[in-house]
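Asker: Quick check, what structure comes out for this input:
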Amino acid sequence: MTSSSTPAPPAGAPHPSGPLRRLTARGRDEAHRVASSLELFFDLCFVVAVAQAGVQLVHAVAAGHAGEGILNYAMLFFAIWWAWMNFSWFASAYDNDDALYRVVTLVQIAGVLVLAAGISRAATQHDFFLVWLGYVIMRLAMVWQWLRAARSAPGAERTTALRYACGVLLCQVGWLGLVVLPEPARAWVFLVMVVAELCVPLYAEKAQETSWHPHHIAERYGLFTIIVLGETIAAATVAVKSAVPEHNALGELLPIAAGGLLVVFSAWWIYFVVPIHGHLRSSRRAFVWGYGHYLVFASAAAIGAGLEVAVEQAVGKAHISALSASAAVTLPTALYLLTVWALHARHFKAGLAQQLVLPVTALLVICCTFLGDWAVLAAGLVSAASVATGVILTARTAGRRRAAGTAATAG
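Answerer: Sure, this is the predicted structure:
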């Protein structure tokens, strides 16, 4: 399924005939390029793994082991995010939607489900075998895609594809350290391998940049953000629903539920208030933007975990203080706001007042941590107020520009 159903597809789009086709690069300026149904299915399956990572973070924080839980969450989320990101950028450049491409993509989905099945053992028993196995399945499928692209590519483009394939293969050998090395060494293995993985695209694309599509990439990241935020709402809803019949604590849970909704609604508004694809006009910008989304996705998912922790603390199921439970919501919310500002908003804000809205909001959300049982509701109100402030400032700026334009025309 391609992004266009017109009889004559634009240049660079996959030809609609034949079950097997050459895997050639699509055009960066291809018109009407949008996410396919296979990509949406891919995202939904990846969120299963995100949800499992969030569950383990909830258990760790609620049990008073926040440091260990955050470290495990960061490691597991990196594996999920990196595999998702590699597929998304590859698909933006090479998706021909033939039968073989679909099958290999489904293999990658199977890999993330294997990884999701191993998240619990990795977090509680430090047994990374299933996580490693699922990651290997996803990454070997990605190697196949790159080798297939290399087969059809000429010159420097072929070099880029082969560099990707070799780099991904070498990294899989390194990740084996999480399985075979002693536990104290695994954190170092993780740090080294993160750097290695991040360097593969930087090295590979020195030969020639892949023809990723700015509008398509922006849409893919936006869709995954929506899915992660939706998972956050779902997790918080389940937590509230399960707590009400057992503990009859509706009065304690309503402020958390209301505040959580305001936080998530504001998170959606802030992310999508400006179209980002126009900013992604160079590989340097795109790499910074794409890599930075690790924090966007991880913090968005962590907000849902934090809301679950806050619910458990409110009904007495979590062995932590109200301050710790509040921080489980406010800190990832503040991180989300700052990261979205750095990646998105600051490129489109006019004037100091607009630029300061999100950083100041993040600071105020952190201050809400100390408000006890009302912390989550206060964080939600602050987030909503930042949205309203941004809308007012933007409207005033637009009004001044219209007035200036009218005056210039009249003059």
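
Asker: what separates residue 294 from residue 91, distance-wise?
Answerer: In this view, residue 294 and residue 91 are 19 Å apart by CB to CB, to the nearest Å. Yep, even glycine has a C-beta here, placed from its N, CA and C like the rest.

Asker: okay, those two: which has more neighbours?
Answerer: Taking other CB atoms under 10 Å, residue 294 and residue 91 do not tie; residue 91 has more neighbours (25 against 18).

Asker: isn't that one right up against residue 33?
Answerer: No - between residue 91 and residue 33 there is no contact under CB atoms under 8 Å: 10.9 Å.

Asker: The stretch 1-150 of the chain: helices as residue ranges?
Answerer: Under the criterion DSSP state H, counting those that start in this stretch, helices of the stretch 1-150 of the chain are mapped to 37-62, 66-94, 99-125, 129-152.

Asker: now these in TSV, with mean pLDDT and distance to residue 380?
Answerer: Shown next, in TSV, are the helices of the stretch 1-150 of the chain (pLDDT from 0 to 100; distance: least, CB to CB, whole Å):
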stretch	mean pLDDT	distance to residue 380
helix 37-62	90	19
helix 66-94	91	22
helix 99-125	92	29
helix 129-152	93	34
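
Asker: mind checking which of these is nearest residue 165?
Answerer: helix 129-152 (4.0 Å; CB to CB).

Asker: buried sites along the closest one?
Answerer: Neighbour-count burial for helix 129-152, with 16 or more other CB atoms under 10 Å as criterion, is recorded at 130-143, 145-150, 152.

Asker: repeat for stretch 284-302
Answerer: Those would be 286-287, 289-291, 293-302, for stretch 284-302 by 16+ other CB under 10 Å.

Asker: for stretch 253-260, same thing?
Answerer: 253, 255, 256, 257, 259, 260.

Asker: Then stretch 165-174?
Answerer: Per 16+ other CB under 10 Å, stretch 165-174 contains these buried residues: 165, 166, 167, 168, 171.

Asker: Report all helices and strands that the strand or helix carrying residue 167 contacts.
Answerer: Element membership for residue 167 (DSSP states H and E) is helix 155-175. Applying 3 or more CB pairs under 8 Å, 6 or more residues apart in numbering; DSSP states H and E, one finds that helix 155-175 contacts helix 129-152, helix 183-204.

Asker: could those go into TSV alongside distance to residue 350?
Answerer: Formatted as TSV, the helices and strands packed on helix 155-175 follow (distance: least, CB to CB, whole Å):
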stretch	distance to residue 350
helix 129-152	41
helix 183-204	33
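
Asker: Compare those and give me the one nearest residue 373.
Answerer: helix 183-204 (35.6 Å).

Asker: Give the other helices and strands that the following helix or strand past the closest one contacts.
Answerer: As assigned by DSSP H and E, the chain's next helix or strand after helix 183-204 is helix 214-247. Judged by 3+ CB pairs under 8 Å, 6+ apart, the packing partners of helix 214-247 are helix 37-62, helix 66-94, helix 250-272, helix 283-314.

Asker: helix or strand right after the last one?
Answerer: Secondary structure here is assigned by DSSP H and E; on that basis, the next helix or strand after helix 283-314 toward the C-terminus is helix 322-343.

Asker: If I take that following helix and helix 214-247, what angle do their directions form?
Answerer: Note on geometry: by axes from the mean of the first three to the mean of the last three CA atoms, to 10 degrees, helix 322-343 and helix 214-247 are set 170 degrees apart in direction.

Asker: so how far is helix 322-343 off the chain centroid?
Answerer: Helix 322-343 sits 15 Å away from the centroid of its parent chain (CA atoms, centre = their mean, to the nearest Å).

Asker: What's the mean pLDDT across the helix holding residue 167?
Answerer: Throughout helix 155-175, pLDDT has a mean value of 93.

Asker: Nearest to residue 58 among the buried residues of stretch 165-174?
Answerer: Lowest distance from residue 58 to the buried residues of stretch 165-174 (CB to CB) belongs to residue 171, with 29.9 Å.

Asker: Contact partners for the nearest residue to residue 255 once chain neighbours are set aside?
Answerer: Nearest non-adjacent residue to residue 255, counting by CB to CB, 6 or more residues apart in numbering: residue 377, 4.1 Å away. Counting by CB atoms under 8 Å, 6 or more residues apart in numbering, residue 377 touches 255, 256, 258, 259, 262.

Asker: send the alpha carbons of stretch 99-118 over as CSV?
Answerer: Provided in CSV are the C-alpha atoms of stretch 99-118 (Å, rounded to 0.1, in the frame of the first residue of the first chain):
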residue,chain,number,x,y,z
ALA,A,99,5.5,-8.8,-0.8
LEU,A,100,9.1,-9.4,0.4
TYR,A,101,9.3,-5.9,2.0
ARG,A,102,6.0,-6.6,3.9
VAL,A,103,7.2,-10.1,5.1
VAL,A,104,10.5,-8.7,6.4
THR,A,105,8.7,-5.9,8.2
LEU,A,106,6.4,-8.5,9.8
VAL,A,107,9.5,-10.3,10.9
GLN,A,108,10.6,-7.1,12.6
ILE,A,109,7.3,-6.9,14.4
ALA,A,110,7.7,-10.5,15.6
GLY,A,111,11.1,-9.5,16.9
VAL,A,112,9.7,-6.6,19.0
LEU,A,113,7.0,-9.0,20.4
VAL,A,114,9.8,-11.4,21.5
LEU,A,115,11.6,-8.4,23.1
ALA,A,116,8.4,-7.3,24.9
ALA,A,117,8.0,-10.8,26.3
GLY,A,118,11.5,-10.6,27.8
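
Asker: Give me the contacts around it.
Answerer: 19-20, 23, 38, 41-42, 45-46, 48-49, 52, 79-80, 83, 87, 91, 95, 127-139, 141-142, 144-145, 148.

Asker: So which bits of that stretch are buried?
Answerer: Neighbour-count burial for stretch 99-118 flags 101-102, 104-105, 108-109, 111-118 (criterion: 16+ other CB under 10 Å).

Asker: Burial check on the nearest residue to residue 275 once chain neighbours are set aside, number of neighbours?
Answerer: Sequence neighbours aside, residue 218 is the residue nearest to residue 275 in space, at 7.3 Å (criterion: CB to CB, 6+ apart). Using other CB under 10 Å, residue 218 is surrounded by 19 other residues.

Asker: Can you verify my assumption that residue 218 contacts residue 280?
Answerer: Yes - with contact defined as CB under 8 Å, residue 218 counts as touching residue 280 (6.3 Å).

Asker: Show me the residue at the heart of this structure, geometrically.
Answerer: For the chain, the residue nearest the mean C-alpha position is residue 297 (3.1 Å; CA atoms, centre = their mean).
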